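Undergrad: One predicted model, sequence on top.
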Amino acid sequence: MTLQLDSAADPNVEYKHHTLMSILLGLVILAMGLALFVGGAYLLILGGSFYYIVAGALFSVAGYLTIKRKIVGFYVYSAAFAFTLLWTFWEVGLSGWELAPRLAVPFVLFVLTVLLIPALGAPNGKLQRRLGLYAVAVFVVVLAVLVPAFNRYPAPSQLPAIQAGAIYEDASYAPVKGEWNAYGAGESAQRYSASTQITAANVKDLKRVWTFHTGDIPGKYGSELTPLKIGNALYGCTPMNKIFALDAATGKKLWMYDPQVPQNWIPYTAACRGVTYYKNPKAMAGQACAERIIEGTLDMRLIAVDAKSGQLCKDFGTNGAADLKVGLAQKDSATGAVTPVIPGTAAITAPPVIVRGIVVTGHQVLDGQRRWAASGVIRGYDAISGELRFAWDINQPEVTKLPPIGKPYSFGTPNMWTTAVGDEKLGLVYLPMGNSAADYFSSLRSAEEKKYSSSLVALDVVTGKPRWVYQTVHNDVWDYDLGSQPTLVEFPTANGRLPAIVLPSKTGDVFVLDRLTGKPLHRVDERSVPQGGAEPDQRSKTQPFSLYHTLRKAELREKDMWGISPIDQMICRINFRRARYEGPYTPPEVNRRTIEYPGYNGGSDWGSVAVDPRRGIIIANYNDMPNYNMLINRDKANALDLFPAGDPRAAGSASGAEGAGAQTGTPFGILVNAGWQMPTGVLCKRPPYGGIRAIELATGRTLWDRPYGSARRNGPFGIPSLIPLQIGTPNNGGPVVTAGGLIFIAAATDNLIKAIDIKTGDIVWSDTLPAGGQATPIVYEQNGKQYLVIMAGGHHFMMTPSGDSLIAYALPEKK
């Protein structure tokens, strides 16, 4: 397409039109050129790429000449575009998503320049047409290169042979056939279903068969629910802890119990990831609460209801509830005053685990608020009576139940906000521990806190004491708490299969430990890491790196910066050069940005992993984004209105990201740019931002790895791009594996539930959800039919739409 001269048109009008168009286009090119030249000069001073200053100069000259309606402006722009092409292919090759910010805007401007050649004094029409065809040819060539580059993945490796039985799982810990009787499917938390009805061959026929609306969409939404399926019923909870039971075949509500949780107890997110089922082995037939559903609430209660009726179990605690606020308090760092827990600063969002009749639970303590916040104490309660059986207080080991009156549990100790896993035979519960309050400052931590933070702790449920501890990060100041529920496996060794535990982490490292001793069953290197930062004497000289497997990618480089145009990509490069980044575990700095990669969402987060126990394959979805952090002194924190929750000055606080905040009681507040976003909403790091990977359990070998999550809902300024290609988006929620050879997962920001062929990593089915699918699905059978169920509740942190739909899929009835 070219601009044609109309011989019947008024020459003066035509001249003015051409003049105006060339001036406008020239101004755009000139503005881009000047921005690139000035920014490029600064980037070059910082030691960055030479491209931007050179291209900026060329684009500036081209823009000026275009304004002047000089045909030479086109030639200069052509030279600048050719230089851009050569530099781009030299720097990133044919990596499709990386080509986009470098070439898209310059190419569009190039086409517009071609179309305006008549206004630039083109000598004749033939030249004009030739140049127009040239632009079209370049466009076609660029597309021909880009489109295949978007979807180039390595071929999958040969998968391990399917075994006759589930040899990588203790059969006594597997879920009942066709059921989902624990948060992770069975007691082993493998998220595996032995159902085979739905396969890669027929999954395309899956249809929605029922939808249940919970009616609960609070402001800071994020349901995260994984329901249970036991007998003929599904059991779940809403973000505000309403417990419900549904008919497993129809989705019809059987009952709902509302514990009346006040809104002011919502922490960063109103979430309830699930409930826990317990059957009293000593109950008489027909006895009330012989089967019970136990839930932890946002307002720090353990509640037990009858699985059949939804009525409170009056024999549990006080009228059906145990109050976990008892013994908790916080201390004012300025006055030393001890006060009750402030609503919203402590909450239970994960289902408890029951081992040998003991309900073991932790709770979250709101990040970024106070050094002397509520304790992270772990407690165990009798599953029948609700009586406190033990308390594990890291700094007060002598306190084994309730603390003395007037002396609460230790302030600000590491907590367990996620889900544990238990081993009934060994009498152990495995606790994935978080960090001490005020995650990014470590000088005030006790030796015991430094020992147990960001560690897996095997706790004896009889004594309430640790049996062993394995630490994944030493003296953590990166918020690398353990978010994933660990998984129990039977791990192959030279001496036969050994009871082991698979531990994914936010750093991306995956560890496999002996369940009895906590010793790694593979090599772990203690490697030197960057030193210095705000507390140089506190930093560990080394950190553990798993040689079994890591989801962590190569260290960031300047060329890994991204954007929607050359300008914001250049700004990201400048910010990369200005920040301190020396690879993993770069320590936080005061008043200077540091890059934390991967960021605090992982690696692996609360979605955890799935294990196929017949094939011996781990399925792990993961995040691949940095954080852009900075410690700030107390005066600056106050100036930015960073005050802790409960402080009257905290209303309208600037703390937006999870974990960012005042950190009162320490010298510094913390600013966290989660994902390292630009004001456009686009991330500074190139895609992918998330992936899904198949790992051979026996060796840790990668079988296949794919970007996970399409770009259809993502775009600058929150505008959906509608691009259906896999870009690899942030994701929260986990996978499910079936004996039918499929992986079911939502989790990404594209609002899709998908089925993936475990052999190839290819997506073989998907459906659009009415809201974000930030939850882990379940698979079960009822009346001979296999169902897939996913909670579509959305998530405010993931910026996906809110909803209240629990959706079931199944194959159509055979006629």
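TA: Yes, it's here. Please read these numbers as outputs of a predicted model, since none were measured by experiment. Residues are numbered from 1 along each chain as shown.
Undergrad: Which strands and helices lie in contact with the particular helix or strand that has Tyr75 in it?
TA: Tyr75 is located in helix 71-92, with elements delineated by DSSP states H and E. Using 3 or more CB pairs under 8 Å, 6 or more residues apart in numbering; DSSP states H and E, the elements in contact with helix 71-92 are helix 51-67, helix 96-115. C-beta coordinates here come from the backbone N, C-alpha and C atoms, glycine included.
Undergrad: In JSON lines: those, plus mean pLDDT.
TA: Putting the helices and strands packed on helix 71-92 into JSON lines (pLDDT from 0 to 100) gives the following:
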{"stretch": "helix 51-67", "mean pLDDT": "97"}
{"stretch": "helix 96-115", "mean pLDDT": "89"}
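Undergrad: would you list every one of the helices in the stretch 551-700 of the chain?
TA: 566-578, 634-639 (DSSP state H, counting those that start in this stretch).
Undergrad: and Ile695, which of those helices is closest to it?
TA: Closest of those to Ile695 is helix 566-578, at 30.4 Å (criterion: CB to CB).
Undergrad: still on that earlier bit, where among the helices of the stretch 551-700 of the chain is average confidence lowest?
TA: Among these, helix 634-639 has the lowest mean pLDDT, at a mean of 93.
Undergrad: residues in contact with that helix?
TA: Residues outside helix 634-639 that contact it (CB atoms under 8 Å, 6 or more residues apart in numbering): Asn591, Ala662, Gln663, Pro667, Phe668, Gly669.
Undergrad: Leu86 - how many residues pack around it?
TA: Using other CB atoms under 10 Å, Leu86 is surrounded by 11 other residues.
Undergrad: actually Gln543, sorry about that
TA: Neighbourhood size, Gln543 [other CB under 10 Å]: 23.
Undergrad: One more: Pro530?
TA: Neighbours of Pro530 under the rule other CB under 10 Å: 16.
Undergrad: Nearest spatial neighbour of it, chain-adjacent residues omitted?
TA: Setting aside the residues directly before and after it, Pro530 is nearest to Glu582 in space (CB to CB, 6 or more residues apart in numbering), at 4.1 Å.
Undergrad: mind checking how far the closest residue to Ile266 other than its chain neighbours is from Asp247?
TA: Using CB to CB, 6+ apart and skipping the chain neighbours, the partner closest in space to Ile266 is Lys220 (5.5 Å). Distance, Lys220 to Asp247, by CB to CB, to the nearest Å: 31 Å.
Undergrad: just Gly533 next, same as before
TA: Taking CB to CB as the measure, Gly533 and Asp247 are separated by 56 Å.
Undergrad: Tyr52 contacts Gly40, correct?
TA: Yes: taking CB atoms under 8 Å as the definition, Tyr52 is a contact partner of Gly40 at 2.9 Å.
Undergrad: Overlap of the contact sets of those two?
TA: Contact with both Tyr52 and Gly40 is made by residues Met570, according to CB under 8 Å, 6+ apart.
Undergrad: Next, count neighbours for the nearest residue to Arg593 once chain neighbours are set aside.
TA: In this structure, Arg593 finds its nearest non-sequential neighbour in Ala579, 4.1 Å apart by CB to CB, 6+ apart. Residues contacting Ala579 under the criterion other CB under 10 Å number 18.
Undergrad: who touches Ala579 in this structure?
TA: Contacts for Ala579 (CB under 8 Å, 6+ apart) come out as Arg592, Arg593, Thr594, Ile595, Tyr628.
Undergrad: now with 10 Å?
TA: Residues near Ala579 by CB atoms under 10 Å, 6 or more residues apart in numbering: Thr586, Glu589, Arg592, Arg593, Thr594, Ile595, Pro626, Tyr628, Asn629, Met630, Trp676.
Undergrad: Report the beta-bridge partners for the closest residue to Pro777 other than its chain neighbours.
TA: With CB to CB, 6+ apart as the criterion, Pro777 has its nearest non-adjacent residue at 4.2 Å, and that residue is Ile790. Listed by DSSP bridges, the beta-bridge partners for Ile790 are Ile807.
Undergrad: confidence score at Ile790?
TA: 98.
Undergrad: measure it to Asp332 for me?
TA: Distance from Ile790 to Asp332, counting by CB to CB: 44 Å.
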